[in-house]
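> just coords:
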């Protein structure tokens, strides 16, 4: 597959310089086709029968395997969730923390992580997103590090594995802006959340949660998928591995789309995304006030970000502003070409 | 709309005597069209921009209003969930019960309710699904009654409002087999779960949770929709009303399908469903060993339920067995006609 072939997968790219995978990736034609085919079957044949359920279970198994292989873990460590928020909530609810416990996080996290931290009842210690600050905040009461692998604000990458190793404290890594964007290895991480809808270009309300040791996290939000047998009091025999954390049904059509989306990326996906992000930074450096960052997000300062985003949108360039930060954010993927970047530069 | 017009909405009914809305309702053509139209927009125009987000928010608002009006409550009492299981988990996590607390439930509940009860950490007191047994199980430590309005096993209806009134104990009503099947009034109920995919014939992974007093339930599983403003520690200003419990993003295409599905039913929906269930009972009484029940489910005893269900499926009749009970279950809706019922009777 050449970059041109890859690009042709995504109809939206014919019209727009779509540079917003950090919110939602573009949808590929085969992904939409897979969703539609499943919907057609359900419409015509009903949502029932051995075939229907076997198909659903096969899609779940395939999604689990594909998400696991993407981050280097076997499928028994992968739970299928609806979002990274979902994953964070599952972890925090299962850890049973209290007011005596501390969680260290940074001041540049998304509410999808912060909300669950707050709801846990633990004391949330907020520091700058700097390894030294994070290390310095760890005390004997720290039960969890909760960090983005790539900050959604700037694209800066945090050395999550090293922080885990140096502190010995369990870590919840929010992979919303890393998985699918840069190479990610979940080995050595206790918990990693995955978004299906961003860099993986899957349907909305899909995602995953990697749990290194399923036996050590309580199933705080059981669903039918969590058990293999149950008593009349609700006490249950947990499903094998991380499937016990599956929080519920995912639309079968969305599963079909996700599995297809996960099969599409070429081998050179990460190399190309990094290359195009570099070109983006180069092009923009002369035009705007760039913020330092790695990974595949490029943030820059603007006087009136919402206004600039609207102006760019009118010119067929899709980027987003980050409320309260004065920043505009550009997302570059393996589908991004030079034309997209030049349209952005020209519109600026 | 005549019964024949209603029936013509559902392509699956041209092929099958589809009698399984207790698992998944049939999908109507306009519902599938609404899903497809939204998917097409996302494919061609991307999932971004003012229009996209306004459309998503409008769909959420419309779904909330429609679900609320269906059960007689204003939309500020409705949270949009992915399933009834989701709703049960939100309530149980938010009540912060402990081992000193008791919950009274019945021995004919679904794991979607029982699992969350168990996960709450409270003592689960299980009794027969009889009003007297439920009343007798209430002690000063009872913090919650957790009951199906209609039992998924037999279609028996429990007098949930009366039980709430007589005990003064808060009640969580699982509406999986009631909302959309029979008239339901959420007034006087503390919590009511709604399934989008069963009797409402909506997309899978949609549903609702009615919360009578949102201020009195903790937001245990926050999502971006839960807040209107937040601190860097994750502490947040809750969204107005029950929207604060919205556990996360619902696929926009699924929302479009749900809103359309909620608009379709004719005024005579409940009357017709009850009438057809009565005819079903009449027809089957002479053929099988029926279990008593009300509402729109009809259960009967069979020697080998999975085998019988497979035989019926081969004859184009879709019903289900209930593992571990020796029962086969038939679901009758406002779309069910005499021909469906005669096909079932003939195949038996």
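Structure received. Small disclaimer: the values here were computed from a predicted structure and weren't measured. Residues are numbered from 1 along each chain as shown, chains lettered A, B, ... in the order given.

> Every contact and neighbour count from this point should use C-alpha atoms.
Noted.

> what helices or strands is the strand or helix carrying residue A:36 leaning on?
Element membership of residue A:36, judged by DSSP states H and E, is helix A:29-45. Helix A:29-45 is packed against helix A:252-263, helix B:12-15, helix B:29-45, with contacts defined by 3 or more Cα pairs under 8 Å, 6 or more residues apart in numbering or on different chains; DSSP states H and E.

> And the longest one, how far out from the chain middle?
When you say that, I think you mean helix B:29-45. Distance of helix B:29-45 from the chain centroid (Cα atoms, centre = their mean, to the nearest Å) equals 24 Å.

> hang on, the earlier thing: going along the chain from the helix holding residue A:36, find the next helix or strand for me.
Remark: after helix A:29-45, the chain's next helix or strand is helix A:50-70, criterion DSSP H and E.

> Check the offset of that following helix from the chain's centre.
That offset, for helix A:50-70, works out to 19 Å (Cα atoms, centre = their mean).

> what packs against that helix?
Checking 3+ Cα pairs under 8 Å, 6+ apart, helix A:50-70 ends up next to strand A:78-81, strand A:207-211, helix A:252-263.

> what do you get if the cut-off is 7 Å, keeping everything else the same?
strand A:78-81, helix A:252-263 (3 or more Cα pairs under 7 Å, 6 or more residues apart in numbering or on different chains; DSSP states H and E).

> what's the closest non-adjacent residue to residue A:238?
Residue nearest to residue A:238 in three dimensions, not counting chain neighbours: residue A:227, with 4.4 Å by Cα to Cα, 6 or more residues apart in numbering or on different chains.

> hang on, the one you found packs against residue A:240?
No: using Cα atoms under 7 Å, residue A:227 is not in contact with residue A:240; the gap is 8.5 Å.

> distance of the residue of chain A most remote from its centre from residue B:112?
Largest separation from the mean C-alpha position in chain A: residue A:232, at 36.8 Å (Cα atoms, centre = their mean). Distance of residue A:232 to residue B:112, given as Cα to Cα, to the nearest Å: 12 Å.

> cool, and residue A:341?
Counting by Cα to Cα - residue A:341 and residue B:112 are separated by 49 Å.

> show me the contacts for residue A:345.
Listed by Cα atoms under 7 Å, 6 or more residues apart in numbering or on different chains, the contact partners of residue A:345 are A:283-284.

> what comes up buried for the helix or strand hosting it?
Secondary structure from DSSP H and E places residue A:345 in helix A:338-347. Neighbour-count burial for helix A:338-347, counted by 16 or more other Cα atoms under 10 Å in any protein chain shown, picks out A:340-345.

> Just put the residues you listed in a markdown table and tack on pLDDT.
A markdown table is the format used below for these (pLDDT from 0 to 100):
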| residue | pLDDT |
| --- | --- |
| A:340 | 98 |
| A:341 | 98 |
| A:342 | 98 |
| A:343 | 98 |
| A:344 | 98 |
| A:345 | 98 |
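
> Dihedrals phi and psi, residue A:141?
Dihedral pair for residue A:141: phi -90, psi 0, per degrees, to the nearest 10.

> Now do the contacts for the residue nearest to residue A:96 when sequence neighbours are not counted.
Nearest non-adjacent residue to residue A:96, counting by Cα to Cα, 6+ apart: residue A:120, 7.3 Å away. Under the criterion of Cα under 7 Å, 6+ apart, the neighbours of residue A:120 are A:92-93, A:97.

> Thanks a lot, see you next time.
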